[in-house]
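# Let's see this in three dimensions:
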Amino acid sequence: MSGKQPPGTSYVQFTRDRLLRQRAAAFSKLNESIPKNENQWQEAREVHRFATPEDVHRTVLSLVQDGQGEFLPEDLRRLIYIAVCCVEHSENEAEAYRKYRSRVHAKDDLGELTIRNYMSLVRGLVALTDELYPRLQHRIFEVTLLYAPLTLGALGHYKQAPDQFKSSFPTAAIAPEVQASLPLYLPFIVATRHPEHPYETVCRALGTNILGKEEYFKFVSVLQRGGTGRYDPVRDQWLPVTIPNLAGFKPFEIPESIQQIIAQAGKQQDDPVSQDIPGAIIFRFRWSRDHQKVVDRVIDILKRSGFLSIGSSVGMQFFFRHESGSLVVPMGWQVIVVPVVTTDEPVTVTISYQGKAEDVLCTVFSGLLLGQGTVLTTRRAIAYYAVSLPIQKS
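Numbering: from 1, shown residues only. Take a look at the predicted model:
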């Protein structure tokens, strides 16, 4: 179809036919995105990195950390920002509009009526998922946020044809599974990103109360624990895996296969933010897909080689430029350090622990695992990835 009005057709009929075609296309894409059986669910989770306990925790962490927003798919990021705007709008309308425009880098001419329409679309989606929750449980939040199309046009069609939206999701018997421990309930995400807003306020602003405050506290507890250990679906709980308490540091080999990936990603040193660390000059760069790719590859290699246990959980991830001074590993944590240096210019750092101090040459060929309380000091600028690992007490 050309999109032009055919001769002999009224404008009303032409507009109606076009809307129906657009709606049909939107629901066709929705149906394609929805898993129809357990094999398709597993495939979708593999594609979207939501299959293993580590994947689930990492994905949820990216959703609830405001600093990771740029790493999310554009439509999902916008949906979360609109949901946040709903909450802020209930407290200060003008400030809510201003903050939303700033978050999406919109011009001031993005009108208030338009933003209110966006808010209505998101509340409409929340209402639809609430209706589907009794038969799909946590999976309705997962499929909606991670797999379904979330363009503004699609949200409009979902709201205008609610019965068609609900009929798109087949009912299935759901066995206990790790994804249930961190449900992607939109109020959970918003309240965790913005703890300054009480959970009840978030739910009221989004027009939902399917999961209460007790379930929210459980979500936060699991998230803060880092998904540490092995998930037991029968008992619906995490069984701890003890990570040995490393004293000092332990080097590990970085395979040649990913050295080039690290070098290329390391060139992305955008939007440096100074870190408030006494006696040290350290800048944190904006996270990117390429940075995440580096960390994922390193973690996978360390687990396959037995350097890390399969149950090890990954916490916060950063890309730093450390110009001078010292960085101390907090108690209760270990940190993986992946240097970004050139072959010709390795950098020497000093590792201090338990009254000892050793000079270590940082090269493209090796990384470091630092134990809790260990101090990394440099007198020359070095860029590196820092990945925290929570120590689970036995």
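# How far off centre is the lengthiest strand in the chain?
The residue-count maximum for a strand in the chain (DSSP state E) belongs to strand 317-328. In terms of C-alpha atoms, centre = their mean, to the nearest Å, the gap separating the centre of strand 317-328 from the centre of its chain is 23 Å.
# same thing with stretch 294-302?
Put simply, stretch 294-302 sits 17 Å off its chain's centre (C-alpha atoms, centre = their mean).
# what's the average pLDDT for that stretch?
Averaged across stretch 294-302, the pLDDT comes to 85.
# Provide the contact partners of it at residue level.
54, 252, 254-255, 258, 261-262, 265, 308, 314, 317, 336, 338, 367, 385, 387 (C-beta atoms under 8 Å, 6 or more residues apart in numbering). Placement of C-beta: from N, CA and C, glycine included.
# how close does residue 172 sit to residue 101?
Distance of residue 172 to residue 101, given as C-beta to C-beta, to the nearest Å: 41 Å.
# Which parts of this structure are strands?
Using DSSP E, strands in the chain cover 230-232, 237-239, 249-253, 273-274, 281-284, 317-328, 333-340, 347-353, 356-362, 366-370, 375-378, 382-390.
# Mean neighbour count added to those strands, as TSV?
Listed next are these as TSV, based on neighbours: other C-beta atoms under 10 Å:
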stretch	mean neighbour count
strand 230-232	16
strand 237-239	15
strand 249-253	16
strand 273-274	10
strand 281-284	17
strand 317-328	19
strand 333-340	23
strand 347-353	18
strand 356-362	13
strand 366-370	21
strand 375-378	20
strand 382-390	21
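# longest single helix anywhere in the protein?
Assignment by DSSP state H gives helix 112-136 as the longest helix of the chain.
# Against residue 147, how distant is residue 35?
Taking C-beta to C-beta as the measure, residue 35 falls 7 Å from residue 147.
# brain fart, residue 73
For residue 73, the distance to residue 147 (C-beta to C-beta) stands at 11 Å.
# Comparing the two, which shows the higher neighbour count?
More crowded of residue 73 and residue 147, by other C-beta atoms under 10 Å: residue 147, with 19 against 12.
# thought that one was touching residue 36?
No - if you go by C-beta atoms under 8 Å, residue 147 and residue 36 don't touch, sitting 11.9 Å apart.
# which secondary structure elements does the longest helix of the chain contact?
Counting by 3 or more C-beta pairs under 8 Å, 6 or more residues apart in numbering; DSSP states H and E, the packing neighbours recorded for helix 112-136 are helix 74-89, helix 93-103, helix 138-142, helix 152-160, helix 162-167, helix 186-193, helix 199-206.
# so which of the ones you listed gets nearest residue 27?
Nearest to residue 27 among the helices and strands packed on helix 112-136 is helix 162-167 (5.9 Å), distances taken as C-beta to C-beta.
# Other residues contacting the closest one?
27, 30, 124, 128, 131-132, 158.
# Tell me the gap between that helix and the middle of its chain.
On C-alpha atoms, centre = their mean, the centre of helix 162-167 falls 28 Å from the chain's centre.
# helices or strands up against the longest strand of the chain?
Against strand 317-328 (3+ C-beta pairs under 8 Å, 6+ apart) you get strand 281-284, helix 289-304, strand 375-378, strand 382-390.
# Break the chain into its domains for me.
If you go by the TED database, the domain ranges for the chain are 6-223, 247-388.
# Show the average pLDDT along the first one.
In other words, domain 6-223. Averaged across domain 6-223, pLDDT comes to 90.
# Can you lay out the helices and strands packed on strand 317-328 as TSV showing distance to residue 114?
Output for the helices and strands packed on strand 317-328, formatted as TSV (distance: least, C-beta to C-beta, whole Å):
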stretch	distance to residue 114
strand 281-284	34
helix 289-304	29
strand 375-378	49
strand 382-390	40
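# Quick one: closest of those to residue 195.
strand 382-390 (19.8 Å).
# And the contacts of the closest one?
Residues from elsewhere that reach strand 382-390 (C-beta under 8 Å, 6+ apart): 225-226, 228, 243, 262, 266, 269, 291, 294-295, 298-299, 308, 312-322, 327, 332-341, 347, 349, 362.
# Okay, residue 34 and residue 167: tell me how far apart.
11 Å.
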